[in-house]
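K.L.:
Quick one: sequence and predicted model below, then my questions.
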Amino acid sequence: MNQDSILRSLIAENLVSDPASARGRLLHEAARLFRDKGYERTTVRDLAAAVGIQSGSLFHHFRTKEDILKAVMVETIRLNTALMQAAMEAATTHRDKLQALIRAELESINGQTGEAMAVLVFEWRSLSEASQAYVLELRDIYEQLWLDVLDALRKDGVLAAEPFVVRRLLTGALSWTVTWYRPDGGLTLDDLTEQVVAMMGLTRAEN
């Protein structure tokens, strides 16, 4: 299943918004504004102006500004979790599954959901405790994909380090690529993925 098919399936299940819809356009602009200005400094007027509507019209889609922030985070996690699951299912070996995860996360950070991913990291504390708990439940599913593959590699004798620590280090390293990676710089995301895998010493086939 390709990326467009996965997106359409999630839209049909009402799990994410259609990017072409009014709600979808609002979430896209909200992610951009929250990343560029910060959640607290972004006003309802800013959000409305970004999509060309009156401020009051925002509340046809969301009750509060925080609900918009929560939706940006929730829909981003849902989409990227589905994309990662599909990428893993297309791989056979544990090494290939890890490579698929790395490639998918690099795409999410540097591709179409990059702004929302940044919001997820930097505006986390702006959510209420209840919203944080809900987002954490979704995040745990996302993170478990990584931990399961890393644990399998460790059991195979291919990975020596503790899976939890490896994942934390990878999270920081992959997230930081947004500050220096440029797709027109001669290094493709596939090339970058290969470099990450090689850095981890996973260039050889599994036993």
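P.N.:
Nice, I can see it. Everything quoted here is computed from the prediction, not taken from an experiment.
K.L.:
what helices or strands is the longest helix along the chain leaning on?
P.N.:
In the chain, with assignment by DSSP state H, the single longest helix is helix 129-155. With contacts taken as 3 or more CB pairs under 8 Å, 6 or more residues apart in numbering; DSSP states H and E, helix 129-155 sits against helix 65-89, helix 94-110, helix 163-176. All C-beta spots, glycine's among them, are computed from the backbone N, C-alpha and C.
K.L.:
so where is the protein shaky, pLDDT-wise?
P.N.:
Scanning the chain for pLDDT under 70 picks out 1, 203-207.
K.L.:
Near Leu83, how many other residues are there?
P.N.:
By other CB atoms under 10 Å, 22 other residues sit near Leu83.
K.L.:
now Ala90
P.N.:
Close neighbours of Ala90, defined as other CB under 10 Å, add up to 11.
K.L.:
How many residues are close by the nearest residue to it once chain neighbours are set aside?
P.N.:
Distances taken as CB to CB, 6 or more residues apart in numbering place Ala100 nearest to Ala90, at 6.9 Å, with adjacent residues excluded. Neighbours of Ala100 under the rule other CB under 10 Å: 22.
K.L.:
With Trp124 instead?
P.N.:
16.
K.L.:
ok, now the one 10 residues further on?
P.N.:
Using other CB under 10 Å as the criterion, Tyr134 is surrounded by 15 other residues.
K.L.:
Enumerate every residue touching it.
P.N.:
Contacts for Tyr134 were tallied using CB atoms under 8 Å, 6 or more residues apart in numbering; they are Lys70, Val74.
K.L.:
ok, back up a step: who's in contact with the residue nearest to Ala90?
P.N.:
When contacts are counted by CB under 8 Å, 6+ apart, Ala100 touches Met84, Ala87, Met88, Ala90, Ala91.
K.L.:
Report the buried members of those.
P.N.:
The neighbour count (16 or more other CB atoms under 10 Å) marks Met84, Ala87, Met88, Ala91 as buried among those.
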